[in-house]
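> Okay, sequence plus prediction incoming.
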Amino acid sequence: MTDFQATKALFDLPQGVIYLDGNSLGPLPKAAPARMEQVMRAEWGQMLITGWNKAGWMHQPRQIGDRIARLIGAEPGSVVMGDTLSIKVYQALAAALGLAKPGRKVILSDSGNFPSDLYMAQGLIASLDRGYELRVVAPEDVADNITEDVAVLMITEVDYRTGRLHDMQSLTAKAHAMGVITVWDLAHTAGATQVELAACKADFAVGCTYKYLNGGPGAPAFIYVAPRHADTAAPALSGWLGHDAPFAFEQSYRPGAGIERMRVGTPPVLALAALETALDIWDLTDMPAVRAKSQQLTTLFIDEVERRCPQLTLATPRDPNARGSQVSFRFADGYAAIQALIAQGVIGDFRAPDIMRFGFTPLYVDETDVIRAAEIIEDVMTNALWDHPDFKVRAAVT
Ligand SMILES: Cc1ncc(COP(=O)(O)O)c(C=O)c1O
Ligand SMILES: Nc1c(O)cccc1C(=O)C[C@H](N)C(=O)O
């Protein structure tokens, strides 16, 4: 049994704020500043370059990868940290294409995928110049489009706008039956739903750690390679730390053993230290407990908001098993409404053209927050608090 009040107390949440945007950027673990100070002063400051060995910096990407593996149903030793998610998407997709059946040219994805994944695929296709095609279908049509011309299925498990959850088990099974390699983006599922990479026999997966995992802005991404592929997948981004013997400084690249080859360059030691403090909180729970609580919270939120706000249209699946850990409503003036909510202390976000998006994160959001947030949303909608010129000017970053 997880004590979610205890985990909530471990985050530094601003007074008077109900934070429903942990699906974009998780909050600060209270232990992070002291840990950063210690890594900076005692490790970087005092150990200088010897920190790579003495403080174990060089091994962090694998050790932290193992802590994340527990949260995504991955085998120990199959996950490594580094770079940004967009880079890891590129690397996983390139490696997957390398393992695909000869002659197959289609990368299948869906219109609910986050644009960066589609952009990275487009860039990879252009640089490979081998006639690959990115085929983008509606999320509901993915299964029917897994055909024998598809090389790789590249899917973000939860749609960042609607919160719709793909069925990893059945899509992976269908993909494999058709000889298709799978790449799963877990940006909106790691720390949000119960992901079972090994049980689903996923081939590749990637994800970020700044959302539900609470690693902080710019926290490094992770990549998973199924152990059956780990020694054959070509890493594509052949940086020196993925080399079999980085400190032999050979002239030619030889990929390292297993998941090590998916490393590229120097690990982001400071960012990994912050992430570790978040993972210390994750150690107090497990994904079945978090998923059960998340489903309770999202159901409660849907019920409360729908009852109070007939102006809003639910964009998220009603079935708790068909959605991730976010709830979205459509509203034509959604941007202004979100700004009005933020001014009232409820932080959610807006995604064009009309999506008001709210993330539910049991580690620090509870039923009281949900009810209070629904009351404030009701106030904003009933009294048209959004209808103010200050709220209608779009910021560059939202
Ligand atoms: C599904 C998905 N893929 C890729 C990205 C881009 O990640 P990054 O900015 O870390 O490269 C995001 C979020 O920004 C995302 O949600
Ligand atoms: N990574 C982000 C950033 O650097 C700035 C602003 C937002 C983000 C996000 O993560 C966006 C997010 N992937 C989304 O689902 O909308």
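Structure's in. What do you need? Ligands and ions are numbered 1, 2, ... in the order given.
> Check the gap between the closest residue to residue 39 other than its chain neighbours and ligand 1 for me.
Once flanking residues are discounted, residue 39 sits nearest to residue 273: 4.3 Å by Cβ to Cβ, 6 or more residues apart in numbering. Using the backbone N, CA and C atoms, a C-beta is placed for each residue, glycine as well. Distance, residue 273 to ligand 1, using Cβ to the nearest ligand atom, to the nearest Å: 18 Å.
> One more: residue 65?
16 Å.
> Please apply the same query to residue 123.
13 Å.
> start the count at 688, not 1, going forward
Shifting the count to begin at 688 puts that one at residue 810.
> Tell me the secondary structure at that residue.
With DSSP: H, G, I helix; E, B strand; the rest coil as the basis, residue 810 sits in helix.
> So is stretch 867-887 next to ligand 1?
Yes: if you take Cβ under 6 Å from any ligand atom as the test, stretch 867-887 does meet ligand 1, through 872, 874.
> Give me the distance between that stretch and the centre of its chain.
Offset of stretch 867-887 from its chain centre (Cα atoms, centre = their mean, to the nearest Å): 10 Å.
> With just CA atoms, put it into CSV.
Provided in CSV are the C-alpha atoms of stretch 867-887 (Å, rounded to 0.1, in the frame of the first residue of the first chain):
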residue,chain,number,x,y,z
VAL,A,867,6.8,-5.5,-38.2
ILE,A,868,9.3,-4.1,-35.6
THR,A,869,7.8,-1.8,-33.0
VAL,A,870,9.1,1.5,-31.5
TRP,A,871,7.0,2.7,-28.5
ASP,A,872,7.3,6.3,-27.2
LEU,A,873,6.4,6.2,-23.5
ALA,A,874,6.6,10.0,-22.9
HIS,A,875,3.1,10.1,-21.6
THR,A,876,3.0,6.6,-20.1
ALA,A,877,6.3,6.2,-18.1
GLY,A,878,5.1,6.9,-14.5
ALA,A,879,1.5,7.3,-15.7
THR,A,880,0.2,3.8,-16.6
GLN,A,881,1.3,0.3,-16.1
VAL,A,882,3.7,-0.3,-19.0
GLU,A,883,4.8,-3.9,-19.5
LEU,A,884,7.5,-3.8,-22.2
ALA,A,885,8.9,-7.3,-21.6
ALA,A,886,5.5,-9.0,-21.3
CYS,A,887,4.3,-7.2,-24.5
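> In that stretch, which of the residues would be classed as buried?
867-882, 884-885, 887 (16 or more other Cβ atoms under 10 Å).
> how many neighbours does the residue nearest to residue 726 have?
23 (other Cβ atoms under 10 Å).
> Around ligand 1, pick out the residues from the stretch 688-837 of the chain.
Counting by Cβ under 6 Å from any ligand atom, the stretch 688-837 of the chain sits next to ligand 1 at 771-773, 801, 803-804.
> Which one of those residues sits in the busiest neighbourhood?
Ranking those using other Cβ under 10 Å puts residue 772 first, with 25 neighbours.
> residues near residue 1041, how many?
Neighbour tally, residue 1041, other Cβ under 10 Å: 18.
> so it sits right up against residue 1024, yeah?
No: shown here, residue 1041 and residue 1024 do not form a contact pair, counting by Cβ atoms under 8 Å, at 9.9 Å.
> Quickly list what's touching both of those two.
Common contacts of residue 1041 and residue 1024 (Cβ atoms under 8 Å, 6 or more residues apart in numbering): residue 1018.
> Just to be sure, which of the buried residues of stretch 867-887 are found in strands?
Secondary structure assignment by DSSP state E places 868-872 of these in strands.
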